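Colleague: got a predicted structure plus its sequence, pasted below:
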Protein chains: 2
Amino acid sequence: MAKSCFAARLAKQVALSDAECRALERLEENPRKVRRGAMIQRVNDTVTELFVLREGRVMSFVILPDGSRQILRVYFPGDFIGSASTIYSKAPESLVALSDAVVCPFDKHALRRLLEEFPRVAALLFLLSNAERVSMTDRLAALGRTSAKARVASFLLDMFDRLRITDESITDSFDLKLTQEEIGDSIGLTSVHVNRMIRQMEQEALISRSNGRITLLDMARLEEIGHYTNRHKDMDLDWLPVG
Amino acid sequence: MAKSCFAARLAKQVALSDAECRALERLEENPRKVRRGAMIQRVNDTVTELFVLREGRVMSFVILPDGSRQILRVYFPGDFIGSASTIYSKAPESLVALSDAVVCPFDKHALRRLLEEFPRVAALLFLLSNAERVSMTDRLAALGRTSAKARVASFLLDMFDRLRITDESITDSFDLKLTQEEIGDSIGLTSVHVNRMIRQMEQEALISRSNGRITLLDMARLEEIGHYTNRHKDMDLDWLPVG
DNA sequence: CTGGGGCGTTTTGCCATCGTAACGACAATA
DNA sequence: TATTGTCGTTACGATGGCAAAACGCCCCAG
């Protein structure tokens, strides 16, 4: 693994200069291990920290007054987490580790210095934040206008494609490490209905499962059912300032 | 009106330097009038332009293969539109004017120069993009986990609060300028059901209407019903680089 | 002034999708 | 053995979609 998980991730998009790499590495000087289920940030806490996720999985979510939960995003190694605290003094969302994980917290003032010193990194962060926004809008359209089955299909494809960004060994199967309840809370369904859909998709030979591992058997049809488009292919960052 | 609608908007958050203001003004050198219903950007078009909205209303949306529409966001004067084209070469969403409007297109290379030259503006854009992300997650939670009535309530409150940012004359009533079908397409409901909810809320004296104008009669209860929190109050941008 | 056409809203009846509640099976952990 | 967490399964019913039609309003042409 590179010294900086985050730099390694960014370097997949743009060639980074040495100085930029070193600066990004400094964000990860304080790795912290957290156990599955550990609360990293609680909604409404006063926060001044952001995180780079180095290992494991983390989710952000909110709990509504009636106790129901909406998972906002699942994060994978190399992801930049908690950018909401750049603008709000109280966290608008909670962060919990979905598996044992390693996160690297850093203060938002460290981010400020980074943005001042490396305009290109600033631009890059701006872009990634826009990519996340688009990912949100995709899910918004899924929740607002597609069936339960379509949501499950697109969710699986999205997780799959995102995992593949950093883990090239993945070809057609992956470990979701999410309970069906967590899947449901991500796409606005109950665990019961997620289960219905998954079993249905298994019967139709769209996917198969064995002890938690999911294999995508017919991606073309899954993409069709889920109205899914892989956004990662169409990125264009050539217009960025040169390093 | 200030020379730059966008600078005026940003200045509500942070004091801008003269140089910054002038740079922002340059983004609006090419105002363009568009009529209600006009397509400003079509999904999958190759795009290199972004926009500042100076007057009127614009929406971004996607159409799913079955013909249904999800409105992703409604934009008001002073908003920065189309940031998705900073990272994708093909537009992931369409833009249409909801009313007669004035938009100011500028090339993404102009944005790049701005980001290079004014790190603080870059940071500010990064922050605003995060604010929009949070706004998306709020709606995501609404679509995923709240009832039709809650969605309508929170949608009305959100429009209300966003309009009030730039128009201080608004106290408790506003012109939505959206059809019920458009409201439905924003919050994942049919126009029929939006109508049901609106009439119900009118009967319960939560809101009242007269020729398109909506008055919020009981904001406290609306906030409760919609699980709404006004994010605009809690912003903290003091940590930004000094101009 | 009158009649029509277009657009948005209102209303209704029907019913599919999906949520709720409840319970059993099973595996991992203590 | 007891416990906890996840998955699988069922019966029942509410929420909200769908289709269709009528209504009101505004604008324009005759």
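Modeller: Sure, I can see it.

Colleague: tell me the SS of A:Phe51?
Modeller: For A:Phe51, the assignment made with DSSP: H, G, I helix; E, B strand; the rest coil gives strand.

Colleague: interface residues of chain A facing DNA strand D?
Modeller: For chain A, the contact set with DNA strand D under Cβ under 7 Å from any atom of the strand comprises A:179-181, A:191-192, A:195-196, A:198-199, A:209, A:212. (Glycine included, C-beta is placed from N, CA and C.)

Colleague: for the closest residue to A:Met39 other than its chain neighbours, give me the pLDDT.
Modeller: Nearest residue to A:Met39 in three dimensions, chain neighbours excluded: A:Val96, at 5.5 Å (Cβ to Cβ, 6 or more residues apart in numbering or on different chains). Here, the pLDDT recorded for A:Val96 equals 95.

Colleague: wasn't A:Val96 part of a strand?
Modeller: Yes: counting by three-state DSSP, A:Val96 falls inside a strand.

Colleague: contact partners for it?
Modeller: Going by Cβ atoms under 8 Å, 6 or more residues apart in numbering or on different chains, A:Val96 touches A:37-40, A:58-59, A:61.

Colleague: make it 10 Å
Modeller: A:Val96 makes contact with A:34, A:36-42, A:57-61, A:71, according to Cβ atoms under 10 Å, 6 or more residues apart in numbering or on different chains.

Colleague: which among the residues you listed count as buried?
Modeller: Buried members of those, scored by 16 or more other Cβ atoms under 10 Å in any protein chain shown, are A:34, A:40-41, A:57-61, A:71.

Colleague: which residues of chain A fall in helices?
Modeller: A:5-11, A:18-26, A:108-117, A:119-145, A:148-166, A:180-187, A:191-203, A:219-226 (DSSP state H).

Colleague: hmm, back to that, dump the residues of chain A next to DNA strand D into a markdown table; add distance to B:Leu156 as well.
Modeller: As requested, those are arranged in a markdown table below (distance: Cβ to Cβ, whole Å):
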| residue | distance to B:Leu156 |
| --- | --- |
| A:Thr179 | 35 |
| A:Gln180 | 34 |
| A:Glu181 | 31 |
| A:Ser191 | 32 |
| A:Val192 | 32 |
| A:Asn195 | 35 |
| A:Arg196 | 34 |
| A:Ile198 | 36 |
| A:Arg199 | 39 |
| A:Arg209 | 43 |
| A:Gly212 | 43 |
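
Colleague: can you tell me, leaving aside adjacent residues, what's nearest to A:Arg196?
Modeller: That would be A:Ala148: by Cβ to Cβ, 6+ apart, it lies 7.7 Å from A:Arg196.

Colleague: give me the number of residues near that neighbour?
Modeller: Counted with other Cβ atoms under 10 Å in any protein chain shown, residues neighbouring A:Ala148 total 17.

Colleague: ok, A:Ala15 next?
Modeller: A:Ala15: 9 surrounding residues under other Cβ under 10 Å.

Colleague: that older thread, between the buried ones among the contacts of A:Val96, which is nearest B:Ser83?
Modeller: A:Ser60 (20.9 Å; Cβ to Cβ).

Colleague: how far away is that closest one from B:Ile187?
Modeller: To B:Ile187, A:Ser60 is 22 Å away according to Cβ to Cβ, to the nearest Å.

Colleague: how about the residue nearest to the spatial centre of chain A, what does it touch?
Modeller: Nearest to the geometric centre of chain A sits A:Tyr75, at 3.1 Å (Cα atoms, centre = their mean). A:Tyr75 is in contact with A:51-53, A:56-60, A:81-82, A:95, A:97-98, A:101, A:103, A:162, counting by Cβ under 10 Å, 6+ apart.

Colleague: got a quick ChimeraX command for the buried subset of these?
Modeller: Filtering these down to the buried ones (16+ other Cβ under 10 Å) takes a single ChimeraX command:
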select /A:51,52,53,56,57,58,59,60,81,82,95,97,98,101,103,162
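
Colleague: rewinding a little: for the buried ones among the contacts of A:Val96, which one is nearest B:Tyr228?
Modeller: B:Tyr228 has its nearest neighbour among these in A:Phe61, at 17.9 Å by Cβ to Cβ.

Colleague: got a list of what the closest one touches?
Modeller: Counting by Cβ under 10 Å, 6+ apart, A:Phe61 touches A:43, A:69-74, A:93-96, A:182, A:185-186, B:137, B:141.

Colleague: need the residues of chain A near DNA strand C, please.
Modeller: Residues of chain A lying close to DNA strand C (Cβ under 7 Å from any atom of the strand) are A:147-149, A:188-190, A:192-193.

Colleague: what is the burial count for the residue nearest to A:Glu181 when sequence neighbours are not counted?
Modeller: Take A:Glu181 and drop its neighbours on the chain: the residue closest to it by Cβ to Cβ, 6+ apart is A:Ser191, 4.0 Å away. Counted with other Cβ under 10 Å, residues neighbouring A:Ser191 total 14.

Colleague: need the pLDDT of the closest residue to A:Leu27 other than its chain neighbours.
Modeller: Leaving aside its chain neighbours, A:Leu27 sits nearest to A:Phe106 (4.7 Å; criterion: Cβ to Cβ, 6+ apart). pLDDT for A:Phe106: 95.

Colleague: does A:Phe106 touch A:Ala23 like I think?
Modeller: No: if you go by Cβ atoms under 10 Å, A:Phe106 and A:Ala23 don't touch, sitting 11.3 Å apart.

Colleague: which residues do those two both contact?
Modeller: By Cβ under 10 Å, 6+ apart, the residues touching both A:Phe106 and A:Ala23 are A:Leu114.

Colleague: give the contact list for the closest residue to A:Leu140 other than its chain neighbours.
Modeller: Distances taken as Cβ to Cβ, 6+ apart place B:Leu140 nearest to A:Leu140, at 5.7 Å, with adjacent residues excluded. If a contact means Cβ under 10 Å, 6+ apart, then B:Leu140 has A:62, A:70-73, A:136-137, A:139-140, A:142-144, A:186-188 as its contacts.

Colleague: from chain A, which residue is nearest to DNA strand C?
Modeller: Of all residues in chain A, A:His193 sits closest to DNA strand C, at 3.2 Å by Cβ to the nearest atom of the strand.

Colleague: wait, that residue touches A:Asp185, no?
Modeller: No: when contacts are counted by Cβ under 10 Å, A:His193 is not listed as touching A:Asp185 (11.9 Å).

Colleague: more neighbours: those two, which one.
Modeller: Comparing A:His193 with A:Asp185 by neighbour count (other Cβ under 10 Å), the higher total belongs to A:Asp185, at 24 against 17.

Colleague: from what I see, that one and A:Ser60 are in contact.
Modeller: No: using Cβ under 10 Å, A:Asp185 is not in contact with A:Ser60; the gap is 11.5 Å.
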